[in-house]
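Colleague: The sequence and its predicted three-dimensional model are supplied below.
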Amino acid sequence: MTRIVSRFPLPPMSLGTERHLTVHAYGDPDARPKAYLQAGLHAGELPGLLVLHHLIRRLDAGEDPLLGQVVVVPVANPIGQSQVLRGHMTGRFSLADGTNFNREYPELSRAIGDMVDGRLGADAATNVALIRDAFGEILAERAARAEGEAAYLRLTLMRLACDADIALDLHCDDDATVHVYLPEHLWPDAADLPAFLECPATMLADESGGNPFDESLSRPWLDLRDRFGQRAPVPSACLSSTVELRGMADVGDALAEEDADRLYRFLQHRGVIGGDPGPVPELLRPAMPLAGMEIVKAPLPGIVSYRVPLGAEVTAGQPIADLIDPTADDPAEGRIEITAGTDGLLFARKSHRFVWPGETVAKIAGGQVLTGRIGKLLTD
């Protein structure tokens, strides 16, 4: 497949510095469906970068015809990539203002709706095109007056993806199984994504709090359908998802090549790439509400010793770890049981075994909405 590599400069934040986004584009820019994939928005999360490296190699090989277009941004956050302190990349939060690089994307539903009000009609495909054009125009106008490198980066990433039929943001957790976050209004039509990824945990929410990248692309379609649905059809025209590719240490060619193959077959199934993807795998586990995810936190400082492995099914009240204070006068009293508060799948935990009070020890994907789980449903 023919690949065009473009570089989008970011505005410099200090004298003598310059950063840019590298974008790999395949296919006619007007072809459909369009798939957009990015990795490294949290810059230190490396599994997705390697997966996209292998996906680019696969696309370059041209073994199957390209039916739509594919846009790949293998390093979506060059700002975070440069934030190295004493040999450690701190690419989740901006050192300039403390914000999470995957939060605070602009909410454009109302602005888009105002621009297309009175222009939408009875044809859904025409409405989708009008909305995408408005989305792009608004983002271009905002990018032209963006203040700061991080704000410009957010707007540039959205401009690259706002007209996509599929937009996948590849991340990883600390120590975790594969898991996927999807908008609830896309379910079950989007079930083929976690199925092809062989994903044991799929969590659904139309609004997780903080407006991450994927929701900035998917939420406008839901809001516009609520606004215009009685007058004009507005389909959910963007399957946008955050894909968590296991843990920080799950980096290697063999695993990345397998994940790239899973994504490739998903894109085949969605008609972006030709060829036979094979049957859709059976979903490993039913999707669950994101508000049913328990974030288990440490009550005190200490060393965590886990009793159950990643991917274990646990029940409410079950001990999942011990929190140990090695300075206790009596070692028998220097241990606290940490228990699950819900039935579900323990899909993520702490890789560094020392924790501070209030730090996340584990995440459990449960099927029942938990009391008090409102507002910001993701860890910051």
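Modeller: Yes, it's here.
Colleague: Name the residues that touch the longest helix along the chain?
Modeller: In terms of residue count, the longest helix belonging to the chain (DSSP state H) is helix 124-144. When contacts are defined by Cβ atoms under 8 Å, 6 or more residues apart in numbering, helix 124-144 is touched by residues 106, 108, 111-112, 115-116, 119-121, 152, 155-156, 158-159, 162-163, 220-221, 224, 232-235, 237. Where you see a C-beta, it was placed from the backbone N, CA and C, and this is true even at glycine.
Colleague: make it 6 Å
Modeller: 108, 111-112, 115-116, 119-120, 155, 158-159, 162-163, 232-235, 237 (Cβ atoms under 6 Å, 6 or more residues apart in numbering).
Colleague: and the helix or strand following it, average pLDDT?
Modeller: Stepping forward along the backbone from helix 124-144, the first helix or strand reached (DSSP states H and E) is helix 149-161. Averaging pLDDT along helix 149-161 gives 97.
Colleague: And helix 149-161, how far out from the chain middle?
Modeller: In terms of Cα atoms, centre = their mean, to the nearest Å, the centre of helix 149-161 is set 15 Å apart from its chain centre.
Colleague: so after that helix, what's the next helix or strand?
Modeller: Reading on from helix 149-161 to the C-terminus, the next helix or strand found by DSSP H and E is strand 166-173.
Colleague: In the sheet, which strands lie alongside the following helix or strand past that next one, parallel or antiparallel?
Modeller: Beyond strand 166-173 in the direction of the C-terminus, DSSP H and E gives the next helix or strand as strand 175-176. Sheet pairing of strand 175-176 (DSSP bridges) gives strand 344-349 (antiparallel).
Colleague: The closest residue to residue 89 other than its chain neighbours sits in which helix or strand?
Modeller: Excluding the flanking residues, the one nearest residue 89 by Cβ to Cβ, 6 or more residues apart in numbering is residue 44, at 4.3 Å. In this structure, residue 44 sits in neither a helix nor a strand according to DSSP H and E.
Colleague: can you map out the helices along the stretch 151-300 of the chain?
Modeller: Counting by DSSP state H, counting those that start in this stretch, the stretch 151-300 of the chain forms helices over residues 192-196, 213-228, 253-269, given from the N-terminal end onward.
Colleague: what about the last one, distance to the chain center?
Modeller: Here the centre of helix 253-269 is set off from its chain's centre by 17 Å, with Cα atoms, centre = their mean.
Colleague: The second one now?
Modeller: Once both centres are worked out by Cα atoms, centre = their mean, helix 213-228 turns out to sit 16 Å from its chain's centre.
Colleague: could you pull out the strands for the stretch 1-150 of the chain?
Modeller: With DSSP state E, counting those that start in this stretch, the ranges of strands along the stretch 1-150 of the chain come out as 3-10, 19-26, 34-39, 69-73, 84-85, 88-89.
Colleague: Report the mean confidence score over the longest helix of the chain.
Modeller: Model confidence over helix 124-144, given as mean pLDDT, is 98.
Colleague: buried residues in that helix?
Modeller: For helix 124-144, the buried set under the neighbour-count rule, 16 or more other Cβ atoms under 10 Å, comprises 127, 128, 130, 131, 132, 133, 134, 135, 138, 139, 142, 143.
Colleague: cool, stretch 261-278 as well?
Modeller: Residues 261-270, 272-273, 277 are the ones in stretch 261-278 that count as buried (16+ other Cβ under 10 Å).
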